[in-house]
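Asker: Generate coordinates for the sequence data below:
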Amino acid sequence: MKDSIKARILVSVGTLALGLAAALPAAAESDFQTGAGALNANARLDFRVVIPKFIRFQVGSAGATVDLVEFAVPAANVGDGTDIARTNGGAVPVLLQSNNGNVSLTATTLGQLNNGAGENISFAEILSTSSDPNLNVPTLIDGGTSAAITVTPNVGTRVVNRTANWSFAYSNTNFVGAGSYGGVNVNNGRVTYTAALP
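Answerer: Coordinates of the predicted model:
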């Protein structure tokens with residue numbers, strides 16, 4: 001009987017000790033000094049900040065909005081080689097941020113702009129310029145991915161934090177049939193710009 005009571009007490013004490021040990025924080029470095037003169041006690045901490053690799057790329061409106069860049073050619077100018085600026089807005093704001101070195105920019109199209117009736121306008125007719133040559137616009141091609149443009153860090157050795165305004169125009173060098181070529185994710189109207197970080 002006495003042995004079972006002792007066993008229960010030992011189990012209870014052991015459980016209590018384990019509970020207290022779990023509740024205590026990990027032991028920090030400590031230094032104890034004593035004596036009659038001036039005393040100094042030192043205790044140290046090591047610090048570490050972990051930053052993940054990231055990339056942020058925005059072309060046009062923020063969020064999930066896909067902006068439409070439209071060119072409405074005046075009838076008197078069709079095919080006369082007059083560059084037609086965007087008619088439903090101005091320049092397109094662009095933001096690129098990353099933290100691991102050079103970033104590669106490309107643009108992909110599914111094919112020539114078409115009107116759904118077998119007539120086409122080449123993406124070579126779309127002129128692209130940037131307000132900052134350090135964040136340039138990839139040159140659009142028909143049905144493929146453009147040559148890559150390298151964007152280099154501008155903060156320290158690995159951080160890219162750049163903004164620019166991209167402007168577009170329709171070069172209008174060919175006579176084509178009336179209609180809408182491209183559009184909101186129809187008739188090959190969508191261009192996908194990609195920023196890639198190694």
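
Asker: so where's the chain uncertain?
Answerer: Within the chain, the segments meeting pLDDT under 70 span 1-27.

Asker: Can you pull up the most central residue in it?
Answerer: Computing the C-alpha centroid of the chain and ranking residues by Cα atoms, centre = their mean puts residue 56 first, at 1.9 Å.

Asker: burial of residue 150, as a residue count?
Answerer: 10 (other Cβ atoms under 10 Å). In short, each C-beta sits where N, CA and C put it, glycine included.

Asker: Can you list the strands that whichever strand or helix holds residue 93 pairs with?
Answerer: In this structure, residue 93 sits in strand 92-98 according to DSSP states H and E. When pairing is defined by DSSP bridges, strand 92-98 lines up against strand 55-59 (antiparallel), strand 160-170 (antiparallel).

Asker: Please point out which parts of the very next helix or strand once past it sit buried.
Answerer: If you walk from strand 92-98 toward the C-terminus, the next helix or strand you reach (DSSP H and E) is strand 103-108. Going by neighbour count (16 or more other Cβ atoms under 10 Å), the buried part of strand 103-108 is 103, 105, 106, 107, 108.

Asker: and the following helix or strand past strand 103-108, which strands flank it?
Answerer: Downstream of strand 103-108, the next assigned helix or strand under DSSP H and E is strand 113-114. Here the strand partners of strand 113-114, with direction, are listed using DSSP bridges: strand 120-121 (antiparallel).

Asker: Off-centre distance for the partner strand?
Answerer: On the basis of Cα atoms, centre = their mean, to the nearest Å, strand 120-121 sits 31 Å off its chain's mean C-alpha point.

Asker: Mind listing residues that contact it?
Answerer: With Cβ atoms under 8 Å, 6 or more residues apart in numbering as the test, strand 120-121 has contacts from 112, 113, 114, 174, 176, 181, 182.

Asker: that older thread, of all pairs in the buried residues of strand 103-108, which one spans the longest distance?
Answerer: Looking at those by Cβ to Cβ, the two members farthest from one another are 103 and 108, with 16.2 Å of separation.

Asker: show me the contacts for the residue nearest to the centre of the chain.
Answerer: Here residue 56 is in contact with 95, 96, 97, 98 (criterion: Cβ under 8 Å, 6+ apart).
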